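Engineer: got a predicted structure here, sequence first:
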Amino acid sequence: AQKITQTQPGMFVQEKEAVTLDCTYDTSDQSYGLFWYKQPSSGEMIFLIYQGSYDEQNATEGRYSLNFQKARKSANLVISASQLGDSAMYFCAMRGRVGSGGSNYKLTFGKGTLLTVNP
Amino acid sequence: KAGVTQTPRYLIKTRGQQVTLSCSPISGHRSVSWYQQTPGQGLQFLFEYFSETQRNKGNFPGRFSGRQFSNSRSEMNVSTLELGDSALYLCASSLVRGSSYEQYFGPGTRLTVT
């Protein structure tokens, strides 16, 4: 079974500082994908970054980077130069196979981390 | 290009009624997934459709059903509504692009059951 663990229910960071949001995952598959989404209070899920399990380079998208440590099964999100607009809930998710040997996939989400950026 | 659209955005229903939610994916995306988000259970996978066929289903009762049309638009139906069905229902459209994978969510439909 797939599982995503986000151990930080809430995080605080000062504006312009960097922050790391933790995510560990559990899967027995070799092929999977890892996502980070941002959900502001409006409710919309905003795609931030994607890392495939076979990608050797850490994914980066602007101020977002994914610190992918495959052996440790961790996929931490690093936000550089935090902005007030970064205050939101952040979800880590994994797209993995449904059942062993199946060809269908589903997305499993962690519980989320509420990030607050202070001025 | 246009993002994922969901209608309606807000809905209030009473117990025992049924409801149909609609989702239009990003142009070119053939896969549509549905998720339920509640404060207690978080985000839970409902089902996924690809080319009008249901590929996956989460652990939800048979009251939850869906379908996908030939233009990739998808509908989700919940029959005999219960108070616990109050949630934010999110639809996502996705596309496999080489070794990468894109999945974008719509703004959601907030359903309140009274």
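Structural biologist: That came through, no problem. Just so you know, these numbers come straight off a predicted model, no measurement behind them. Numbers count the residues shown, from 1 in each chain, chains lettered A, B, ... in the order given.
Engineer: low-confidence ranges in chain A?
Structural biologist: Counting by pLDDT under 70, chain A contains low-confidence residues at A:99-103.
Engineer: ok, residue 104 - contacts?
Structural biologist: In the absence of a named chain, chain A is used. Contacts for residue A:104 (Cβ atoms under 8 Å, 6 or more residues apart in numbering or on different chains) come out as A:97-98, B:48, B:55-56. For every residue, glycine as well, the C-beta is placed using N, CA and C.
Engineer: other chain: chain B
Structural biologist: A:47, B:3-4, B:26, B:29, B:92-94.
Engineer: what about 6 Å?
Structural biologist: Listed by Cβ atoms under 6 Å, 6 or more residues apart in numbering or on different chains, the contact set of residue B:104 reads A:47, B:4.
Engineer: okay, stretch B:15-22 in PDB with CA atoms only?
Structural biologist: Output of stretch B:15-22 as PDB, limited to C-alpha atoms (Å, rounded to 0.1, in the frame of the first residue of the first chain):
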ATOM      1  CA  ARG B  15     -30.200  14.300   3.000                       C
ATOM      2  CA  GLY B  16     -31.600  11.700   0.600                       C
ATOM      3  CA  GLN B  17     -31.200  13.900  -2.500                       C
ATOM      4  CA  GLN B  18     -28.800  13.200  -5.300                       C
ATOM      5  CA  VAL B  19     -26.300  15.500  -6.900                       C
ATOM      6  CA  THR B  20     -24.300  15.600 -10.200                       C
ATOM      7  CA  LEU B  21     -21.100  17.500 -10.500                       C
ATOM      8  CA  SER B  22     -19.400  18.300 -13.700                       C
END
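Engineer: please spell out which residues along that stretch are buried.
Structural biologist: B:19, B:21 (16 or more other Cβ atoms under 10 Å in any protein chain shown).
Engineer: which residues make contact with it from outside it?
Structural biologist: With Cβ under 6 Å, 6+ apart as the test, stretch B:15-22 has contacts from B:7, B:13, B:75-81, B:89, B:109.
Engineer: what two of the residues you listed have the greatest distance between them?
Structural biologist: By the measure Cβ to Cβ, B:7 and B:80 form the most distant pair in these, at 22.1 Å.
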